[in-house]
Structures are given as C-alpha cells and as structure tokens.
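> Show me the folded form of this:
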Amino acid sequence: MNSFDFYNPTHIAFGEGKIADLDKLVPAEARVLVLFGGESARRTGTLDEVTTALGERQVTLFGGIEPNPSFETLMEAVTQVREQRVDYLLAVGGGSVIDGTKFVAAASVLEGDEWEILTQGGRNIERALPFGSVLTLPATGSEMNKGAVVTRKSLKAKLPFHSNHVFPAFSILDPTKTYTLPLRQVGNGVVDAFVHVVEQYLTYPAQAPVQDRFAEGLLQTLVEIGPQTLAEPENYQVRASMMWTATLALNGLIGSGVPQDWATHMLGHELTALHNLDHAQTLAIVLPAMLRERKAAKLDKLVQYGERVWNIRDGSAEDKAEAAIAKTEAFFESLGVKTRLSDYDLGEQHIEPLIASLESHGMVKLGEHGDVTPEVCRRVLQASL
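Numbers count the residues shown, from 1 in each chain. Predicted structure coming up:
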C-alpha cells in the first residue's frame, strides 16, 4: 500500500424525509441560489420540498443545467451569483448538477479567467462559495468528492477539475427521490458507479487488501442489485443500497493508497464532447475493449476480479481474464447500456477525430503506468466498433 492523505469533510444526511434537514444544514442568514437541471425537479415536487425546507431564507433559482454541464450555461449562473450577491449554493439533481455547482462555486469568486479552472484542472482554485446538494440520481459520487467535469460546447472540450475547496458541505441522500427516474438513467447510474470502482481497483496488485476487498464488495453489490434497481423502482432498500454504493464508489476511500487508471474515463469524455453520448454509455463502450487491449498488464488483477467478483474458477489465467471481461460486458448490456460504437451509429470514420481531440487536450499518457497513448486508444476504439 502506498502512502496517502485521505480527507473528506462532506456531511451525509441519508434517508427518507431528510430534505427537511436543510433548515439545520444551511446557515439561517444565507442568500441561497438553488441550481437544478430540467423540469423533473419541479414536476416531482422535489423543488417545492427544498424551497419549503429553506424557510424564510432569501432563495432564488437557476435551472437548465444540462446532463453534461456546459461552461456556457454555468457562466450564466456565475453572473446571477455575482449580481444577486448570493453567498450559498444548493444543487438539486444528479452528478451533472452537482458538478456544475462546484464550478459555479469556484468561478464566482475567482479572480481571472474562469475557463482556466478547467484548463488547469482546478489548480488555480483558492476558495469557493459554500454549497450543499440534494441528490436525486445516484451515479457519479460527486455528492461526496472534490471533482467535477464540465463541457465547453463551443470548443467541444470536456475537462475535469479537482480541488479541496469544492467538497460539498453536506449532501442529502433520500432514496425515494430516485423512484421516478427513467430506467435509462437508472441503468446508466449502475454502470457509472461500477466503472468508477473498476478504475481504482483493476490496475495491478498493490498489497492493499482493505481497498481491494472494499472495492470488490461494492462491485458485488452492484452486480446483485443492478437488475433489481430496474425491475423494482420503488424498492426502498434496493434504491438505498444503490445510492450509497454510488457515493462510496468515488468518495476517495477505495482509491487511497492504490494506483488508479482513468484512461477509460478520459477517452469516454471525448465521445461525450464530440457526439453527446451519455457518460455511462461511453464507459460501457470503452471499458471492455480497454481491458482486452491491456490484458497483459492487468492480468493479475483481472484474474482476481474474475474470481472474487464473478466467481470464475475454471481455466488458465488468460481464460479467467477474458471471462471476467465478457461478464462485465454482458452485465452492462443487461442494464440496457449498449457496448459498441455501432450501437450509437458511430463508425470507423469517427475514430480519428476522437484521437485528435484526445491529443489536443494533452491526454497522451494515460493509465496507471502512463502507457495508454493515442495509438492504444485508437486500437481500443477500433475494437469497440
């Protein structure tokens, strides 16, 4: 196990009815901007529940944050924050709304070019407005971490940033808020959480049995409850397990002290930026081919993954590794998330622009060994056709 610093200050309020806790969690004198996505927050009554819980505080709204939050839309929110002298933000939605709120929190008080938050990966963030979140779509783990991803539509660029200044002060996780989600979003959420765990776990042995067993437990849980989340949308215990698993998948704990990959995510970001695919769809396309391409380097952990998560016992190490990848691919498909570029009307002609975009963003030495080059990514995409 490698040395590490683990820090996570986010307060989690978990359970049905916890939105009422906003009155205790948000400072009484706060001037609050509530940020949300589409009209589902209004239609389901969640937005009304939130504003009621905020009581007599000065509250204004900002809606329209996209599933892949755009720099352009978020800068409109930054303008509103500055003009209205907002001093507290509240995200109501899934990972995209929370990611967007993190950007707004940092950009609103930044002295300089707000776009540099993305181009510098958050290194220029020195402070941010405080904010909390009310999670309605479990998937990204953004409700309990310091990272975010924002797309600049005009440049077709989707870039991540990280900073200790953008941990949510609190996040409210009420599983009943997931009952009305479209099944496509539910399936996406399971895939997203699954790949988050894989990117921190499926690298090479690092003598970190605690992190390995924790990661394997999360993966086993997702395999077990994934189909149930689709089949039983109002099963509270299943949705509660899904919500908490997605949060734990990327709150920093299982990635502490171990090597991490993230090549699948970086290549997936290019697919979203250029072709507007759902984030989880891009992960389902890229991960199986990425694992096959890098099977030799990942063989020991692939075998461990196959044995412990999928109970694969027969065959050689190579056989077990391939069977584990095939099981992963089939799992994504069982959730309604397709795993081929051709499933999304993308073909050979789309590969070179994706590689060029990857290179333009400096993503040329990816993976736990820094050996995932554009050429490797080209082969991965070709294998994903």
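> hey, let's count contacts and neighbours off CA atoms from now on
Noted.
> which SS state does residue 189 fall under?
helix (DSSP: H, G, I helix; E, B strand; the rest coil).
> In contact with residue 166, which residues?
The contact partners of residue 166, by Cα atoms under 8 Å, 6 or more residues apart in numbering, come to 102, 105-106, 128, 130, 145-147.
> Can you show me the strands along the stretch 251-385 of the chain?
Assigned strands in the stretch 251-385 of the chain: none (criterion: DSSP state E, counting those that start in this stretch).
> hmm, back to that, for the contacts of residue 166, which single residue is the most surrounded?
Greatest neighbour count in those, by other Cα atoms under 10 Å, goes to residue 102: 32 neighbours.
> Residue 165 belongs to a helix?
Yes - remark: residue 165 belongs to a helix, assigned using three-state DSSP.
> Tell me how far it lies from residue 119.
The gap separating residue 165 from residue 119 is 17 Å, by Cα to Cα, to the nearest Å.
> Of the contacts of residue 166, which belong to helices?
Mapping these onto helices (DSSP state H) picks out 102, 105-106.
> Pull the residues that contact the longest helix seen in the chain.
Across the chain, the longest stretch assigned as helix under DSSP H is helix 209-231. Contacting residues not belonging to helix 209-231 are listed as 183, 186-187, 190, 194, 197-198, 201, 235, 238-239, 241-242, 245, 249, 253-256, 258, 305, 308-309, 331, 334-335 [Cα under 8 Å, 6+ apart].
> Drop the exposed ones from those and show what's left.
Buried members of those, scored by 16 or more other Cα atoms under 10 Å, are 183, 186-187, 190, 194, 197-198, 201, 238-239, 241-242, 245, 249, 254-256, 258, 305, 308-309, 331, 335.
> Next, give phi and psi for residue 31.
In terms of degrees, to the nearest 10, the main-chain angles of residue 31 are phi -100, psi 110.
> Let me know whether it touches residue 56 as I believe.
No - assessed by Cα atoms under 8 Å, residue 31 is found out of contact with residue 56, at 10.2 Å.
> residues near residue 224, how many?
Applying other Cα under 10 Å, I find that residue 224 has 12 neighbouring residues.
> Distance of it relative to residue 190?
For residue 224 relative to residue 190 (Cα to Cα), the value is 11 Å.
> Check the average confidence over the longest helix of the chain, would you?
Averaged over helix 209-231, pLDDT sits at 98.
> Tell me the buried residues in it?
Per 16+ other Cα under 10 Å, helix 209-231 contains these buried residues: 211-212, 214-216, 218-223, 225-230.
> starting at the chain centroid, how far to it?
Counting by Cα atoms, centre = their mean, to the nearest Å, helix 209-231 is centred 16 Å from the centre of its parent chain.
> Now do whichever helix or strand comes after that helix: which elements does it pack against?
Following helix 209-231 in sequence order, the next helix or strand is helix 236-249 (DSSP states H and E). Identification of packing neighbours for helix 236-249 by 3 or more Cα pairs under 8 Å, 6 or more residues apart in numbering; DSSP states H and E yields helix 183-201, helix 209-231.
> 10 Å instead?
strand 11-14, strand 131-137, strand 170-173, helix 183-201, helix 209-231 (3 or more Cα pairs under 10 Å, 6 or more residues apart in numbering; DSSP states H and E).
> Which strands or helices does the fourth one pack on?
Right, helix 183-201. Using 3+ Cα pairs under 10 Å, 6+ apart: helix 183-201 touches strand 131-137, helix 209-231, helix 236-249, helix 263-275, helix 279-293, helix 299-309, helix 317-334.
> ok, the helix or strand where residue 90 lies: who's next to it in the sheet?
Element membership of residue 90 [criterion: DSSP H and E] is strand 88-94. If you go by DSSP bridges, strand 88-94 pairs up with strand 31-36 (parallel), strand 131-137 (parallel).
> Tell me the spacing between residue 159 and residue 266.
Taking Cα to Cα, one finds residue 159 at 9 Å from residue 266.
> joint contacts of the two?
Here residue 159 and residue 266 have residue 361 as joint contacts, going by Cα atoms under 10 Å, 6 or more residues apart in numbering.
> I'd like the helices and strands packed on helix 183-201 as TSV, with distance to residue 51 appended.
Below are the helices and strands packed on helix 183-201 laid out as TSV (distance: least, Cα to Cα, whole Å):
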stretch	distance to residue 51
strand 131-137	12
helix 209-231	29
helix 236-249	23
helix 263-275	33
helix 279-293	30
helix 299-309	43
helix 317-334	37
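> Next, count neighbours for residue 152.
With other Cα under 10 Å as criterion, residue 152 counts 19.
> which residues does it form a beta bridge with?
Where residue 152 sits in a bridge, its partners, by DSSP bridges, are residue 157.
> show me the contacts for it.
68-74, 115, 118, 158-159, 273.
> Could you dump the residues you listed into JSON lines with secondary structure, neighbour count and distance to residue 170 added?
Below are the contacts of residue 152 laid out as JSON lines (DSSP: H, G, I helix; E, B strand; the rest coil; neighbours: other Cα atoms under 10 Å; distance: Cα to Cα, whole Å):
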{"residue": "68", "secondary structure": "coil", "neighbour count": "24", "distance to residue 170": "22"}
{"residue": "69", "secondary structure": "coil", "neighbour count": "26", "distance to residue 170": "21"}
{"residue": "70", "secondary structure": "strand", "neighbour count": "20", "distance to residue 170": "24"}
{"residue": "71", "secondary structure": "helix", "neighbour count": "24", "distance to residue 170": "24"}
{"residue": "72", "secondary structure": "helix", "neighbour count": "14", "distance to residue 170": "26"}
{"residue": "73", "secondary structure": "helix", "neighbour count": "17", "distance to residue 170": "24"}
{"residue": "74", "secondary structure": "helix", "neighbour count": "26", "distance to residue 170": "21"}
{"residue": "115", "secondary structure": "coil", "neighbour count": "15", "distance to residue 170": "26"}
{"residue": "118", "secondary structure": "helix", "neighbour count": "23", "distance to residue 170": "24"}
{"residue": "158", "secondary structure": "strand", "neighbour count": "25", "distance to residue 170": "26"}
{"residue": "159", "secondary structure": "strand", "neighbour count": "20", "distance to residue 170": "25"}
{"residue": "273", "secondary structure": "helix", "neighbour count": "23", "distance to residue 170": "30"}
